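# Everything below, folded, please.
(2 chains)
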Protein chains: 2
Amino acid sequence: MIRMELQVHFLPHLTTPDDLAGATVVVIDVLRATTTIVHALAAGATLVVPCLEVDEARQIAARLGADAVLGGERGGRRINGFHLGNSPAEYTPQTVGGKTVVFTTTNGTRAMLLCARAKRVLLGAFVNLSAVCGAVREEPVVHLLCAGTDGEITREDALFAGAVADELAQGREPASLRLNDQAEIAADAWRTASGNLAAGTLLTSAFRNSRGGRNLVEIGHEEDLDIAAMIDRFDFVPHLDTQSRHIKK
Amino acid sequence: MIRMELQVHFLPHLTTPDDLAGATVVVIDVLRATTTIVHALAAGATLVVPCLEVDEARQIAARLGADAVLGGERGGRRINGFHLGNSPAEYTPQTVGGKTVVFTTTNGTRAMLLCARAKRVLLGAFVNLSAVCGAVREEPVVHLLCAGTDGEITREDALFAGAVADELAQGREPASLRLNDQAEIAADAWRTASGNLAAGTLLTSAFRNSRGGRNLVEIGHEEDLDIAAMIDRFDFVPHLDTQSRHIKK
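From the prediction side, this is the model:
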């Protein structure tokens, strides 16, 4: 008997809001939106509001006044007039503690907007891998939605999806879990990568030659790869309320 | 110095004719179009003409008269009035020897039509894996184009792409080969699968729980999975001439 249906989508446009309706969705943008949002909430931000457009982010922040911190990126770089970029290390108790972070990135935010009719929307990255697995373990239908980079599939998101699929498959009757083909591909890819980790290769070396990783190295954000590779640094899962568009612990 | 750029595309719509222009492209539809076309040419068919539409296939076959054999499928099943379906085992010296096979399948043919401006278009499947690797080894730009099934990524095509990527990476300086992220994901997925093969698991077990494989089992074509899994049964590579639309040995 199938007890869980687990679907991986390597890009937002490989699924639809209809597919995701009523399900639990984990949005994944390892480099860097979901990694950074986990850091922001861990550092004491009250909530995070994801925005697709820069102007919208500015308007929401203006309404909130001194309670708001503007964060995000375009082309990997901090936006003109914003307080913070999209590097996890910038999100500290000093910069965001007790504040609302109004946050705009293209890939991660676009993926979140696809989840308007999902039952639960969670944010996942390697920094909260085990917490994500724990949060979805009993759900009947789980979608792992990779943000990708500028419409292209990225390795780090696929590896994270594979890590979750592999973990959820452990100790389960194979017949009780139905994976789509992308979930099988991702889980197999993660098994090779995790074997390499056991042999001493760092996860950052997989990130470094991914498209997203190369971009970050080129613009001087190489340290973000090390931060994004810190598996289970945090033990909570951010939730997106699709009505209010608030992301909270 | 980069000597080869290798790009995997998990679906036709993840690339464009512009991306493929001037390059060597390997079209992959393991279950079953490219497997079956290799079988047809191995059985002595003079050439294979791929058609997107059933009516077009009928017209071309009518023009050729007794020299033509109509083959192909819709929904996995033989088309009304066609001589042959899309099972490799149907393509024997008795059925296709010395004939032109006018062939229509949706997924594989659609992928081929995307290659109108490619330099070379080859057809690959597990049955001619090593021959494909040998044919592209010295090319500067290689695209591995997975057909998928009805617009969805399929595991067997991704595993074949990964097998080619893994083989081309062997014995090469890592810096001399640039892979896109899909190629890295596919190669890692194949490394897990090939480790399982070494441990005695059959490739057909990976096919059996893929979307395409489940469809074939449901409609009674399970034996095609075993045939598609016969690695290196043949040692040649079919070429598609995009002008004449002829596929030959």
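# A:R155 - how many residues pack around it?
Residues lying near A:R155 (other Cβ atoms under 10 Å in any protein chain shown) number 27. In short, each C-beta sits where N, CA and C put it, glycine included.
# and chain A, which of its residues are near chain B?
A:10, A:14, A:152-155, A:158-159, A:179-182, A:184-186, A:188-193, A:206, A:209-211 (Cβ under 8 Å from any Cβ of the partner chain).
# at 7 Å what do you get?
Along chain A, the residues adjacent to chain B under the rule Cβ under 7 Å from any Cβ of the partner chain are A:10, A:152-155, A:158, A:181-182, A:184-185, A:188-189, A:191-193, A:210-211.
# Mind giving me the packing neighbours of the longest helix seen in chain A?
Identified as the longest helix of chain A according to DSSP state H is helix A:181-198. Where contact means 3 or more Cβ pairs under 7 Å, 6 or more residues apart in numbering or on different chains; DSSP states H and E, helix A:181-198 is packed against strand A:4-9, helix A:155-169, helix B:155-169, helix B:181-198.
# mind checking how far the longest one is from the chain centre?
By that I understand helix B:181-198. Distance of helix B:181-198 from the chain centroid (Cα atoms, centre = their mean, to the nearest Å) equals 18 Å.
# hey, C-alpha coordinates of the very next helix or strand once past it in CSV?
Per DSSP states H and E, the first helix or strand lying C-terminal to helix B:181-198 is helix B:203-208. The C-alpha coordinates for helix B:203-208 follow below in CSV (Å, rounded to 0.1, in the frame of the first residue of the first chain):
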residue,chain,number,x,y,z
LEU,B,203,19.0,-2.5,-15.0
THR,B,204,15.5,-3.6,-15.8
SER,B,205,14.6,-3.1,-12.1
ALA,B,206,15.4,0.6,-12.6
PHE,B,207,13.3,0.6,-15.7
ARG,B,208,10.4,-1.2,-14.1
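# just checking, what packs against the helix or strand A:Q59 falls within?
Element membership of A:Q59 [criterion: DSSP H and E] is helix A:54-64. Counting contacts by 3+ Cβ pairs under 7 Å, 6+ apart, helix A:54-64 packs against strand A:47-51, strand A:68-74, strand A:100-104.
# Quick one, which of those gets closest to B:E218.
strand A:47-51 (41.4 Å; Cβ to Cβ).
# so for that closest one, what's the average pLDDT?
Averaged across strand A:47-51, pLDDT comes to 97.
# Summarise which helices and strands it is packed against.
helix A:33-42, helix A:54-64, strand A:100-104, helix A:106-113, strand A:246-248.
# Report the buried residues of the second one.
In this case it means helix A:54-64. A:54, A:57-58, A:60-61 (16 or more other Cβ atoms under 10 Å in any protein chain shown).
# and if you look at the third one?
Burial within strand A:100-104, assessed by neighbour count using 16+ other Cβ under 10 Å, is assigned to A:100-104.
# now swap in the last one and tell me
Buried residues in strand A:246-248, counting neighbours by 16+ other Cβ under 10 Å, are found at A:I247.
# ok, now which ones touch A:T92?
Residues near A:T92 by Cβ atoms under 7 Å, 6 or more residues apart in numbering or on different chains: A:A43.
# phi, psi of it?
The phi/psi pair for A:T92 (degrees, to the nearest 10) reads phi -120, psi 170.
# What pLDDT does the model give it?
On the pLDDT scale, A:T92 gets 98.
# Over to A:R172?
According to the prediction, A:R172 has pLDDT 88.
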